[in-house]
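Asker: I would like the atomic coordinates for the input below:
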Amino acid sequence: MKKEELRIVYMGTPDFAVEALRALVEGGYNVVGVITMPDKPAGRGHQIQCSAVKQYALEQNLPLLQPERLKDEAFIEALRAWKADLQIVVAFRMLPEVVWNMPRLGTFNLHASLLPQYRGAAPINWAVINGDTETGITTFFLQHEIDTGEVIQQVRVPIAETDNVEVVHDKLMHLGGRLVVETVDAILAGTVKPIPQEEMAVVGELRAAPKIFKETCRINWNRSAKQVYDFIRGLSPYPAAWSELVDPEGKPVVVKVFEAEKSIESHTLAPGTLLTDGKTYLKVAVADGFIGVLALQLPGKKRLKTEELLRGFRLTEAYRMSAD
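Answerer: The predicted structure follows:
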């Protein structure tokens, strides 16, 4: 079968999923339909917004479905009518068996980790938070348990010590587009030899990548400089690590931290203690040194470099970051 004849249904939602869809469309593959999440309110004004995948699908005049429930009979019938030979899932949601088992060539997923490492919703964040020096992308066939199917292909990607999650995300997004196309070509050529994940070599312990919530993003200043530094870059720029900045009267405000640097040095200060000249720098004491805060955001304000914020906000060493 030629790529122009292979009927592909594509499922995805965020920016990360657009790149692979674009690679398929621009590569001349036969995408017969796209499935994405329903539109939802977003931002302060709660304006209804559609997903990045929907925007691209509309631009390309691709047939589109946005089911509320993936087991809904009307959706199942509409999906069946597309007569897909193959389904591709990138950053979507967990599929019921009636959906992933429908096409004759199966359904494969692109996951932003080197499976079986970092199964779950936030693999890129957790790889950076944990200070990993390498991550990657994996294509694998879907089966019952989430992120456990047989691996088709993998690509390894280094993580630099200065990379934040946005940098790693973009690297993986562009490589992912190419890997999806390579995987489709291998399936068409009949050269795929899937490997069960339990047979794959893993260095170190297996780590999960659970969904990240607001409380997950709170900085613990009692940890080491490296741990805090990795935590900040693993959540930057979104959803962003945060802490409570406590004024001399004990009143806290939430401050988001986007950029930082670390220094290892001995001191006797309590974790969360601030060092600042009130003009150019802001350091926070941690267990084995200091975190230099380079960019941050106060409630209702825009993100600023530290020296910009200090010009308009009188911050003294009487303030502290809550380490409770």
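Asker: can you show me the helices along the stretch 151-300 of the chain?
Answerer: Under the criterion DSSP state H, counting those that start in this stretch, the stretch 151-300 of the chain contains helices at 165-189, 225-233.
Asker: sorry, wrong one. I was asking about the stretch 1-150 of the chain.
Answerer: 15-26, 52-59, 73-81, 97-100, 123-129.
Asker: quick one, which of those helices is packed in tightest?
Answerer: Most buried of the helices of the stretch 1-150 of the chain by mean neighbour count (mean count of other Cβ atoms under 10 Å) is helix 123-129; its value is a mean of 25. Just so you know, the C-beta spots here come from the backbone N, C-alpha and C atoms, and that holds for glycine as well.
Asker: what about that one, distance to the chain center?
Answerer: Offset of helix 123-129 from its chain centre (Cα atoms, centre = their mean, to the nearest Å): 8 Å.
Asker: and for stretch 183-196?
Answerer: Mean-position distance between stretch 183-196 and its chain equals 26 Å (Cα atoms, centre = their mean).
Asker: dihedrals phi and psi, the nearest residue in space to residue 54 that is not next to it in sequence?
Answerer: Spatial nearest neighbour of residue 54, chain neighbours left out: residue 36 (4.8 Å); criterion: Cβ to Cβ, 6 or more residues apart in numbering. Main-chain dihedrals, residue 36, degrees, to the nearest 10: phi -140, psi 170.
Asker: and residue 36, how many neighbours?
Answerer: If you count neighbours by other Cβ atoms under 10 Å, residue 36 ends up with 25.
Asker: ok, it touching residue 9?
Answerer: No. Using Cβ atoms under 8 Å, residue 36 makes no contact with residue 9, being 11.5 Å away.
Asker: gap between residue 323 and residue 234?
Answerer: Look at residue 323 and residue 234: by Cβ to Cβ, to the nearest Å, they are 19 Å apart.
Asker: what's the neighbour count on residue 181?
Answerer: For residue 181, the neighbour count with other Cβ under 10 Å is 17.
Asker: so who does it touch?
Answerer: Each residue near residue 181 by Cβ atoms under 8 Å, 6 or more residues apart in numbering is listed here: 20, 23, 24, 27, 29.
Asker: and if you look at residue 24?
Answerer: 8, 10, 31, 88, 180, 181, 184.
Asker: go through the helices of the stretch 1-150 of the chain and name the closest to residue 191.
Answerer: For the helices of the stretch 1-150 of the chain, the distance to residue 191 is smallest for helix 15-26, at 18.8 Å, taking Cβ to Cβ.
Asker: just the CA trace of that closest one, in PDB.
Answerer: Output of helix 15-26 as PDB, limited to C-alpha atoms (Å, rounded to 0.1, in the frame of the first residue of the first chain):
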ATOM      1  CA  ASP A  15       1.100  22.500  20.300                       C
ATOM      2  CA  PHE A  16       3.200  19.400  20.800                       C
ATOM      3  CA  ALA A  17       0.800  17.400  18.700                       C
ATOM      4  CA  VAL A  18       0.700  19.900  15.800                       C
ATOM      5  CA  GLU A  19       4.200  19.100  14.500                       C
ATOM      6  CA  ALA A  20       3.600  15.500  13.800                       C
ATOM      7  CA  LEU A  21       0.200  16.200  12.100                       C
ATOM      8  CA  ARG A  22       1.900  18.900  10.000                       C
ATOM      9  CA  ALA A  23       4.700  16.400   9.000                       C
ATOM     10  CA  LEU A  24       2.100  13.900   7.800                       C
ATOM     11  CA  VAL A  25       0.000  16.500   5.900                       C
ATOM     12  CA  GLU A  26       3.000  18.100   4.200                       C
END
